[in-house]
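1. From the sequence below, what's the structure:
(chains A and B)
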Amino acid sequence: MNEFDRLARPIQKWIRGRNWTALRPIQAEAINAIFGSEADLIIAAGTAGGKTEAAFLPLISQVLQSPSESGFDLVYIGPLKALITDQARRMEDICQHASLAITPWHGDVSASIKARARKKPKGILLITPESLEAMFIRNGLQVPVYFSQTRAIIIDELHSLLDNERGVHLRSLMNRMELAVGHPIRRLGLSATLGDMDLARTYLCPNKPEQVQLVEGQNDSSELLLQLRGYVQGSMQFPENKKTTDGCEWTRNENDTEQDEHAADRAIAEHIFEKMRGKRNLVFAGARNRVELYADLLRNKCDNEHLPQEFYAHHANLSRYERSFVEDRLSKGNCPTTAICTSTLELGIDIGDVNCVGQIGAPFTVASLRQRLGRSGRRAGQPAILRQYAIEDYLSPGSHIADRLRLNLLRAIAMIELLLNRWCEPPSQEALHLSTLVHQTLSIIAERGGASAKRLYITLCQKGPFRKVSPDLFGKLLRSLGDPEIGLIEQADGDLLLLGPKGEKLVEHYSFYAVFKTPEEYRLLHDGKEIGTLPVDMVLNKGSQLIFAGRRWEVIEIDITSRAILVIPSQSGTPPKFGGDPGLIDDKVVSKMRFVLADSFVPQYLDKTAVALLEEARSNYQSYRLDKSRLISQADGSHILSTWRGTVKTCSLALALQTLGFKTSLYDGMIEVSSNPDNLTIEDGLCQIADGRHNNMFSEDSNLMFEKFHPFLTEELLRLDALSNKLDQSALAPLAQEIIEDA
Amino acid sequence: MKRAIKRRERDTIIQALRAGVVPKLGLQHIQVGRAAEIAELVKDIDRISEGGAAIRFIIGDYGSGKTFFLNLVRLIALEKGLVVMSADLAPDRRLHASGGQARGLYAEMARNLSTRTKPEGGAMASVVERFVSQANREAEEKDCPTGEVIRSRLEYFEEMTGGFEFAQVVHRYWDAFEAGDDDLKSSCLRWLRGEFATRTDARKALGVRTIVDDRNVYDHLKLMSAFVGAAGYKGLLVSLDEMVNLYKLTSSQARNSNYEQILRILNDVLQGTASHLGFLMGGTPDFLLNTRRGLYSYEALQSRLAENQFAREGLVDLSGPVIKLANLTPEDMHVLLENIRAVMQEPDRQIPDEALVSFMQHCANRVGEAYFKTPRNTVTAFVNLLSILEQNPGTNWADLIDNVDVAPDGGDDLSDILDEYEAGSSKEPIRVLEENDDLASFRL
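-> Residues are numbered from 1 along each chain as shown, chains lettered A, B, ... in the order given. This is a model prediction of the structure:
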């Protein structure tokens, strides 16, 4: 019996109607796997690799061969509304022959379709995690009715859900679903090919990842077009034939009196205008002020050339109306639109597929680069296009080492190399995800109209995805939520926990259903004046130093409630132009950067300027002896510590040094220690950390609120949460030891 | 006291007590204490029979015997010729809603509608039947068409909200009765029981334009009270348990609209607008007293339900709408255990009184004074003990008592996921609950 014969009649008919000559290998394999066992399954292939059919043809066949009486037969969970609409169309085509109902279900689906499905749930349900959440809260009693007959849950774009809050959220929902119906439901993941599929396995089936079967597409047929363009800030054009005598360094042209601070930005805008106009594109530009800058440059350009406006800014500070205007324009797709955005358009919001993704400056994680890139090339036959822009500064004799190493460019190269190797940040196993736990706690209470602490603990921690949370910690979390000031939950006379006054308001509003939020930008204030905004994703303390707008600033106060950081100009040293924007970079990325510095290989996707910049960085790496020594002292008395680790460990060490009294600035894989406390040398400080005498990393006003429900937690819980994924206390001593030894 | 007990009653009682629920029959055999409260409720029932109205909130802790009390009153009311509609509130059954939950409550009440001859519920058909046959008899006496008698009997219904359709449906029932059309008959009963979900269905089946829906539940209760009166019963008692479900509603708006319904009922009853109609509502103290989400959170209800301020330090006033079930005393508990013993064991093979004393002592050691204040778990344990003794002749009670496990009572929240635990235990070993026992008794 071959694979085709195992399918149900209507499906066979559909396949014949499409004139397929044969099933693709991945589809044949998936059919055998799905019919052959009841185990969980991952189907991995590139875009347009036939994943959806591979999963659905056999599953629909199974449904047709033994139909259920009521309830949804299959549940498809997709992260994007547009994706669901798209898939619903494809399914309808298949199911026409099979007379199986298809119900797309997300925020934009009309209430009448939902009402019909509620009354008579059957067939295939296509839903977003957020709508599933809403189902639990608003129709919690019906959940067992809906899903008792469900054969399988199909999770699309599994690779985008591995580590983040949304992924944990979905795991919790699937788990609650299984508890509600009283038996496990088969899980199928559709994923892009990742280097290490074990992560996806663990995600699907945390108890027995080794039992998850894997069907992998052989060659990733989808094409990726890629270019990394280097730009040098400070002149209109890169002076290609003006190499100075001292080798590779570019110096400022002293005759050029009109120095243009935004030359590179202009050049990039020019390039974007030329290459992207007339299509639908996304350009990720980092912080809000950068977004505004580029949007302004591009709009002026349109005005000057008397062309219709098609470049729009999109960030969290714009009004709801302006944002949805841009989103609508993008998703409708009838007029060319390019959105210049912060990370706001990376997650969740639906904009359909775009032609090209621009990325100005390197992002912090490969996962987010992959996520952004995934917005383009969704359609069969269309390549995914990534235009990566890296801005570097002119070097002058006084330039900072961070600039000389061209860290921005290097990070971009390292990210792309890792992306091409199909690597992706592993989920941090130890993370507590307390913010998501708060969300799920409130959700269960709302679903059941009250729940006991024990029930919550069993559902979420003992059986659910929050296994790192001990009963004791969970108790603390509940007490934190129950604090009358916070008022999210309260307790009835018995054991039942109920929603408190604020909890009720929170849960009632539709914005509750989503667990993720785009990272908050902090305002930087100096002398009462705002000097700009900065997205902050890592822990800062009083005394941390920031590079912003080409100057070095020292943090003197962090006001968490109003999202403001008070700074004063720092006294120490020459600041680099390279802004170590505070985001989390993985160890692997930094070690890749070091590898690229030490190597001599030149990637083919670099443009001429980028190649020149890379060579320059490599020669500086040698001349500063960074390949030999981990602790080098600079002329002005400051030190460069090379950790060659990602942000978590580097930041931990920097914070530990700060609490000893040092002043530190952070770069990718490096710490600059710019001044010592009176009684301590940097070597002594490292020794103290190395032998474990000192390991405190927090000051009173560390900023610890990163996720949606963090504001409801106590300082103690926030520190635990930060220690579980933003900082690494256990790495401190070995790291310091390593640096001392290599000094 | 020592009336003979029927075998059927005995089995019902034992089964129910073992499951920790209140038996529907034979309550008089085990009832102890609370004589004043019962006397007060009997007065209420008499008032209802005489054309008055009454409302009582029965307030007591989890396991303190609210449901038992409500059931006892229900049985008394049935004995006295009332019709009783009873239901437990639940998240999908409440007094006011927009998604069919209020109709759900009405349907549940109508399913449980009971009369003296059908004390276990499902008596809607017999009530209608009785109305029709009485009309029939009167028609024969007067020698005029039955339809006319029915019309004249239902005439005043048309003045009440929704009464026109109600009367129409009863008419249709008579038509069906005459024509022998069983389908139509059951459609009429379905309508009366609030089981039509849409107006279109009702119009197709019966030709009426309205149904029992979320907005007119209370109006239909009033119609029912008039109807049972017309059928020759003395009145209607509506008994609602687990009112705490309203308190647990997540949205403050939903809670308030439910409390508004209660206020409407309360006003009607206390002002004398309603007749032949009584309400019993059972809930926990939280449901009444909590000023953020209980009945007291609704200003108008708080002032109407406030306790008599002189009723303190042993003075009681049972005439107000709120009856707080006084906790049982250890002496009551002793009598209760005696009663259970009398139900379960033959007089000549009973365990001695000292066994009762030592059982109570054991419970007191395990859970403190909760064992007599909230008797549910204590009773269950005792019934289990007696069953073991009965089925294993020769066992000594003294050996068993130390192994009896009594847990404090705190609402029933975990049953479903713990059951699942045991069922799916092969997959994952049960982590015994000691590990998170501090959560079992978690306080904010």
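2. quick one: pLDDT of residue 239?
-> With no chain named, the answer covers chain A. A:P239 is assigned a predicted lDDT (pLDDT) of 44.
3. think we crossed wires, I meant chain B
-> 95.
4. what about the helix or strand containing it, distance to the chain center?
-> Following DSSP states H and E, one finds B:S239 within strand B:236-241. Distance of strand B:236-241 from its chain centroid, counting by C-alpha atoms, centre = their mean, to the nearest Å, is 6 Å.
5. Report all helices and strands that it contacts.
-> Packing contacts for strand B:236-241, counted by 3 or more C-beta pairs under 8 Å, 6 or more residues apart in numbering or on different chains; DSSP states H and E, involve helix B:35-49, helix B:66-79, strand B:83-88, helix B:217-230, strand B:277-283. All C-beta atoms are positioned from the backbone trio N, CA, C, and that covers glycine.
6. Next, count neighbours for A:K608.
-> Residues within reach of A:K608, counting by other C-beta atoms under 10 Å in any protein chain shown, total 11.
7. what do you get for B:H334?
-> 18.
8. how close does it sit to chain A?
-> Remark: distance between B:H334 and chain A (C-beta to the nearest C-beta, to the nearest Å) = 26 Å.
9. list the contacts for that residue?
-> Residues in contact with B:H334 (C-beta atoms under 8 Å, 6 or more residues apart in numbering or on different chains) are B:L356, B:V357, B:M360.
10. three-state assignment of residue 443?
-> Went with chain A since none was named. Secondary structure assignment for A:S443 (DSSP: H, G, I helix; E, B strand; the rest coil): helix.
11. try again with chain B
-> Per three-state DSSP, B:R443 ends up coil.
12. and the stretch 51-200 of chain A, which of its residues are near chain B?
-> By C-beta under 8 Å from any C-beta of the partner chain, the residues of the stretch 51-200 of chain A that approach chain B are A:G140, A:L141, A:L179, A:G182, A:H183, A:P184.
13. Let's see that with 6 Å instead.
-> Contact residues (C-beta under 6 Å from any C-beta of the partner chain) of the stretch 51-200 of chain A with chain B: A:L141, A:L179, A:G182.
14. Contact distance from chain B - what residues of the stretch 501-650 of chain A qualify?
-> Proximity of the stretch 501-650 of chain A to chain B, by C-beta under 6 Å from any C-beta, involves residues A:E504, A:E508.
15. if we can go back for a sec, among the helices and strands packed on strand B:236-241, which is nearest B:D405?
-> In terms of C-beta to C-beta, the element of the helices and strands packed on strand B:236-241 nearest to B:D405 is helix B:66-79, at 22.3 Å.
16. Buried residues in that closest one, which are they?
-> B:66-78 (16 or more other C-beta atoms under 10 Å in any protein chain shown).
17. Tell me, please, where in the stretch 101-250 of chain A the pLDDT is lower than the cut-off.
-> For the stretch 101-250 of chain A, the stretches with pLDDT under 70 are A:195, A:218-222, A:234-250.
18. I should have written chain B there, sorry.
-> Checking chain B against pLDDT under 70 turns up B:1-4, B:313-314, B:407-441.
19. Count the residues that sit near B:D353.
-> Neighbour tally, B:D353, other C-beta under 10 Å: 12.
20. Next: B:L89.
-> Neighbours of B:L89 (other C-beta under 10 Å): 25.
21. mind listing what it touches?
-> B:E242, B:M243, B:N245 (C-beta atoms under 6 Å, 6 or more residues apart in numbering or on different chains).
22. show me what contacts the last one?
-> The neighbours of B:N245, taking C-beta under 6 Å, 6+ apart as the test, are B:L89, B:A90.
23. centre of the chain versus stretch A:655-663, how much separation?
-> 29 Å.
24. Going by neighbour count, which residues of it are buried?
-> For stretch A:655-663, a neighbour-count test (16+ other C-beta under 10 Å) marks A:L655, A:A656, A:L657, A:Q658, A:L660, A:F662, A:K663 as buried.
25. Over to stretch B:186-202?
-> B:S187, B:C188, B:L189, B:R190, B:W191, B:L192, B:R193, B:G194, B:E195, B:F196, B:A202.
26. Outside of stretch A:636-653 itself, which residues are in contact with it?
-> Identification of contacts with stretch A:636-653 by C-beta under 6 Å, 6+ apart yields A:538, A:573, A:584-587, A:590, A:594, A:630-633, A:669-674, A:682, A:697, A:727-728, A:731-732, A:735, A:739.
27. Just give me how far stretch A:641-655 sits from the chain centre.
-> The gap between the average C-alpha position of stretch A:641-655 and the chain average comes to 20 Å, counting by C-alpha atoms, centre = their mean.
28. Start and end of it, how far apart?
-> Criterion C-alpha to C-alpha, to the nearest Å; first-to-last residue distance in stretch A:641-655 is 13 Å.
29. Also stretch A:368-386?
-> Taking C-alpha to C-alpha, the first and last residues of stretch A:368-386 lie 13 Å apart.
30. residues contacting A:G692?
-> A:A733.
31. Surely it forms part of a helix?
-> No. Applying three-state DSSP, one finds A:G692 to be coil, outside a helix.
32. Could you export the strand holding B:S239 as CSV, keeping only the C-alpha atoms?
-> Extracted C-alpha coordinates of strand B:236-241, given in CSV (Å, rounded to 0.1, in the frame of the first residue of the first chain):
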residue,chain,number,x,y,z
LEU,B,236,-44.7,28.1,44.2
LEU,B,237,-41.4,28.0,46.1
VAL,B,238,-38.2,28.8,44.1
SER,B,239,-35.2,27.3,45.8
LEU,B,240,-31.8,28.5,44.4
ASP,B,241,-28.6,27.0,45.8
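33. Columns distance to chain A on top of the buried residues of helix B:66-79, output as CSV?
-> Listed next are the buried residues of helix B:66-79 as CSV, based on distance: C-beta to the nearest C-beta, whole Å:
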residue, distance to chain A
B:K66, 13
B:T67, 15
B:F68, 18
B:F69, 18
B:L70, 19
B:N71, 22
B:L72, 24
B:V73, 24
B:R74, 25
B:L75, 28
B:I76, 29
B:A77, 29
B:L78, 31
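34. re earlier: and the next helix or strand past the strand holding B:S239?
-> Where DSSP H and E defines the elements, the next helix or strand beyond strand B:236-241 is helix B:244-247.
35. Please list the outside residues in contact with the helix or strand following that next one.
-> Counting by DSSP H and E, the element after helix B:244-247 in chain order, helix or strand, is helix B:252-271. With contact meaning C-beta under 6 Å, 6+ apart, helix B:252-271 is reached by A:504, B:53, B:55, B:94-96, B:246, B:249, B:274, B:279, B:298, B:300-301.
36. try stretch B:339-352
-> Defining contact as C-beta under 6 Å, 6+ apart, one finds that stretch B:339-352 is touched by B:R10, B:I13, B:H29, B:I30, B:L386, B:W397.
37. which residue does the stretch 151-300 of chain B bring closest to chain A?
-> At 3.9 Å from chain A, B:K248 is the closest residue in the stretch 151-300 of chain B, using C-beta to the nearest C-beta.
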